[in-house]
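Q: here is a sequence together with a model predicted from it:
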Amino acid sequence: VAYYFTRAKNTFSRVFFALMAASMIIPFQAIMIPLVSIYGSGLHMLNHRLTLIFMHTGFALSMSVFIYQGFIKSGIPLSLEEAAYLDGCTNVQTFFKVVFPDLLPGVMSGFLMAFTMSLDDFIITHFTKGPGVDTLSTKIYTEVKKGIKPEMYALSTLIFMTVLVLLILVNKAPKPKEKQ
């Protein structure tokens, strides 16, 4: 999606990208109220896991597209794609063999941002989850109201240690040598 928005020079791509950017600018509560009413009264899907997936995907998509678009504009020159076309690649081959390998750091950034936003989000989950459906943020909220159990301390420690190990691995990984 971001690749199309970046490379296509038509009105549709500009308008759609502006709508995605607007979804990040408009306050979340202003978007949440109409969405809850649409999913609740219009589609009768308010207390459903699928609604939770749709909501998290929708809000993460705009942020990811924004990240990818900037990464594509600054990090992937158009001349690489043109060279692949001249060498006989189709659009799909060009994307997967030329663009996507260079886009992997941006994909990881977008994935981590979307994962963090979904993991941390409380409002979407609180208003759209059904009975018996809990995410980490809603579970912590209910535990704090009842009194924190030792399992929550263990979970917090596991999350902290996972992030710490990942940070150490990323910072200690050997850097690729630049070609001269």
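A: Yep, it's here.
Q: sec struct for Cys89, please.
A: Using DSSP: H, G, I helix; E, B strand; the rest coil, the structure places Cys89 in coil.
Q: switch to numbering from 48
A: That works, and once the first residue is 48, the last one we named lands at Cys136.
Q: what is the burial count for it?
A: 16 (other CB atoms under 10 Å). For every residue, glycine as well, the C-beta is placed using N, CA and C.
Q: distance-wise, check it relative to Phe147.
A: 12 Å (CB to CB, to the nearest Å).
Q: likewise Phe118?
A: 12 Å.
Q: most centrally placed residue in the protein?
A: Ala161 (2.7 Å; CA atoms, centre = their mean).
Q: gap between it and Met155?
A: 11 Å.
Q: which ones are touching His173?
A: His173 is in contact with Thr185, Tyr188, counting by CB atoms under 8 Å, 6 or more residues apart in numbering.
Q: next, it: secondary structure please.
A: His173 is classified as helix under three-state DSSP.
Q: thought Ser165 was touching Gly105?
A: No - taking contacts as CB atoms under 8 Å, Ser165 lies outside contact range of Gly105: 11.1 Å.
Q: which one's more surrounded, those two?
A: Between Ser165 and Gly105, counted using other CB under 10 Å, Ser165 has the larger neighbour count: 20 against 13.
Q: I'd like to know how far that one sits from Ser121.
A: 26 Å.
Q: do Lys192 as well
A: From Lys192 to Ser121 the distance is 46 Å (CB to CB).
Q: could you do Asn57 as well?
A: 22 Å.
Q: and for Phe75?
A: 28 Å.
Q: which of the two has more neighbours?
A: The residue with more neighbours, out of Phe75 and Ser121, is Phe75; 13 against 9, by other CB under 10 Å.
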